[in-house]
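S.K.: fold the following and give me the result.
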Amino acid sequence: MLQLIKPGEKDLPQCVKVYLSAYSTDPWNETYDKDKIKSYLSGFCSSDSMGCFAAAVNGGIIGLALVLVVPGIDAPYFRVEDFCISAEHQRKGYGTLFLKGIFEEALKMGCDSVLLGTQRGFPSHRFYLKNGFTEIESVLLYHLL
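M.R.: Residues are numbered from 1 along each chain as shown. Below is the predicted model:
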């Protein structure tokens, strides 16, 4: 049974392991410094304006969702900055269950929607569409400082 938990400082090593596992495989094949990831995750776990949720199965953390609650004119919305399931737990239905838990948390906080970004054509893109997200036409821009 999947449980949605709010990880604390003691859970960070497990969270780091999940994050590294999820992003070290195809299609991302990313390599990150463990200390930088721990600091990144800690920022979400310890902030009042950001949140960290973990998916736990049999007491072990298998997934992470890093979110922001963004104020809106009519209602706030959840902005998912990162969502991942450890490589060994992918394609087993845990991601869908975890998303449902995230939706419930967003509703409890008065949010009316969940927004996220992903890469078109990646497995995550198909996963989010399959789980009820609608693709919107927009342009995402950034400016490097």
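S.K.: please report how far residue 36 lies from residue 19.
M.R.: 11 Å (Cβ to Cβ, to the nearest Å). The way it works is simple: take the backbone N, C-alpha and C, and place the C-beta from them, glycine included.
S.K.: which one of the two has more residues nearby?
M.R.: Taking neighbours as other Cβ atoms under 10 Å, residue 36 and residue 19 compare with residue 19 leading, 23 against 10.
S.K.: now find how far off-centre stretch 52-66 is within its chain.
M.R.: For stretch 52-66, the gap between its own C-alpha mean and the chain's C-alpha mean amounts to 10 Å (Cα atoms, centre = their mean, to the nearest Å).
S.K.: ends of it, what's the gap?
M.R.: In stretch 52-66, first residue to last residue: 5 Å (Cα to Cα, to the nearest Å).
S.K.: mind listing residues that contact it?
M.R.: Contact with stretch 52-66 is made by 1-7, 11, 14-15, 18-19, 22, 41, 44-45, 50-51, 67, 80-86, 89, 94-95, 97-98, 101-102, 105, as judged by Cβ atoms under 8 Å, 6 or more residues apart in numbering.
S.K.: filter those to the buried ones?
M.R.: Among these, those classed as buried by 16 or more other Cβ atoms under 10 Å are 2, 4, 7, 11, 14-15, 18-19, 22, 41, 44-45, 51, 67, 80-86, 89, 94-95, 97-98, 101-102, 105.
S.K.: would you map the helices across this structure?
M.R.: Assigned by DSSP state H, the helices in the chain fall at 12-23, 34-45, 94-108, 123-130.
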